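Trainee: pasting the structure only:
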């Protein structure tokens, strides 16, 4: 017992944890005794998030680290720092995201920004942190998907929306990719003996700043939606419950997809979520994995870099 009491708490990394769902997820992990790394593009916002987490869980061990998923170089730099300072990673929560950018924008590597930030950055991050994950006791990786995945399609012929950019189509593609990624990661872990539990979660309809940016791409519809949102949605803290269930529950099995249990999975307590037909195509899932490795240079090597 004395040895357990003085043992180093398990480490969790939450991307995009400066506000909204990510911050609430980090708070929940802190209350369960996890040592936390909050990633942020803006270090000042990261420090403010750390203060908020400590206010919620006074004994929390938490620090902010710079990470910009807009840049594959930043992803590699973050992972390099972590593998030099940490020996294992128990939980990786790939939460960060942007929604329905009104204009076509590119990441620093030339990808459409929603595709790059929401998905490709997390794909590479997970591969770069694999050496830390495989040395953990019972590692889990949780990808944040969305109800929007149901009408998504992986446009292999136009992944960056160069032929025709539609804000919501790009968002739906990125969130479908996250669900497919979670499924493929579990299969690769099982095949290669990595020992990972790979899961996905979605928050239903949750009131976060993400919607404020998203509705700007459809001003009229967005205005109507914002008026009705309080009637059909839940808070960010409630929206984080499926992610925390995926990260912590003993009832969340390999490859599980968790969402709210209310009407249309828009709000409520965590439960097994419905996967759309487009998320159940093994050929698309396998092709996406291969294309993502090619685009990001992800190696999926379990050994620490020299």
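Mentor: Arrived safely. Because the structure is a prediction, the values reported are computed rather than measured.
Trainee: distance between the lengthiest helix in the chain and the chain's centre?
Mentor: Taking DSSP state H as the criterion, the chain has its longest helix at helix 167-192. Put simply, helix 167-192 sits 10 Å off its chain's centre (CA atoms, centre = their mean, to the nearest Å).
Trainee: and that helix, what's buried?
Mentor: Residues of helix 167-192 classed as buried: 167-187, 189 (neighbour count, 16 or more other CB atoms under 10 Å). Backbone N, C-alpha and C define where each C-beta goes, glycine included.
Trainee: after that helix, next one along is what?
Mentor: strand 197-201 (DSSP states H and E).
Trainee: and the angle from that next one to helix 167-192?
Mentor: Counting by axes from the mean of the first three to the mean of the last three CA atoms, to 10 degrees, strand 197-201 lies at 160 degrees to helix 167-192.
Trainee: what's the burial count for residue 265?
Mentor: For residue 265, the count of nearby residues is 19 (other CB atoms under 10 Å).
Trainee: check which helices and strands the longest helix of the chain is in contact with.
Mentor: Contacts defined by 3 or more CB pairs under 8 Å, 6 or more residues apart in numbering; DSSP states H and E place helix 167-192 against helix 113-114, helix 121-128, strand 140-144, strand 197-201, helix 282-296.
Trainee: each with direction, which strands does the fourth one pair with?
Mentor: Using DSSP bridges, the neighbouring strands of strand 197-201 in the sheet come out as strand 140-144 (parallel), strand 257-260 (parallel).
Trainee: tell me the centre residue of the protein?
Mentor: With distances taken as CA atoms, centre = their mean, residue 94 lies nearest the centre of the chain, 2.3 Å away.
Trainee: the longest helix of the chain vs helix 121-128, what angle?
Mentor: Here the directions of helix 167-192 and helix 121-128 differ by 20 degrees (the same axes, to 10 degrees).
Trainee: the stretch 1-150 of the chain: helices as residue ranges?
Mentor: With DSSP state H, counting those that start in this stretch, the ranges of helices along the stretch 1-150 of the chain come out as 2-5, 20-31, 43-56, 72-85, 113-114, 121-128, 130-133.
Trainee: any chance of the ones you listed in TSV, plus distance to residue 160, mean neighbour count and mean pLDDT?
Mentor: Listed next are the helices of the stretch 1-150 of the chain as TSV, based on distance: least, CB to CB, whole Å; neighbours: other CB atoms under 10 Å; pLDDT from 0 to 100:
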stretch	distance to residue 160	mean neighbour count	mean pLDDT
helix 2-5	49	6	48
helix 20-31	25	26	97
helix 43-56	28	17	96
helix 72-85	15	17	97
helix 113-114	10	25	98
helix 121-128	14	25	98
helix 130-133	26	23	98
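Trainee: looking at the ones you listed, which is nearest to residue 139?
Mentor: helix 130-133 (4.3 Å; CB to CB).
Trainee: which residues of this structure score low on pLDDT?
Mentor: Counting by pLDDT under 70, the ranges of the chain that qualify are 1-6, 206-233, 305-306.
Trainee: recalculate using a threshold of 80.
Mentor: 1-7, 206-234, 304-306 (pLDDT under 80).
Trainee: circling back: which one of the strands paired with strand 197-201 lies nearest to residue 112?
Mentor: strand 140-144 (18.4 Å).
Trainee: got the contact list for the closest one?
Mentor: Strand 140-144 is contacted by residues 21, 90-95, 97, 122, 126, 133, 178-179, 181-182, 185, 196-203, 243, 246-247 when judged by CB atoms under 8 Å, 6 or more residues apart in numbering.
Trainee: go on, stretch 68-76?
Mentor: 15-16, 41, 66-67, 96, 107-109, 113, 116-117, 120-122, 124-125, 128, 296-297.
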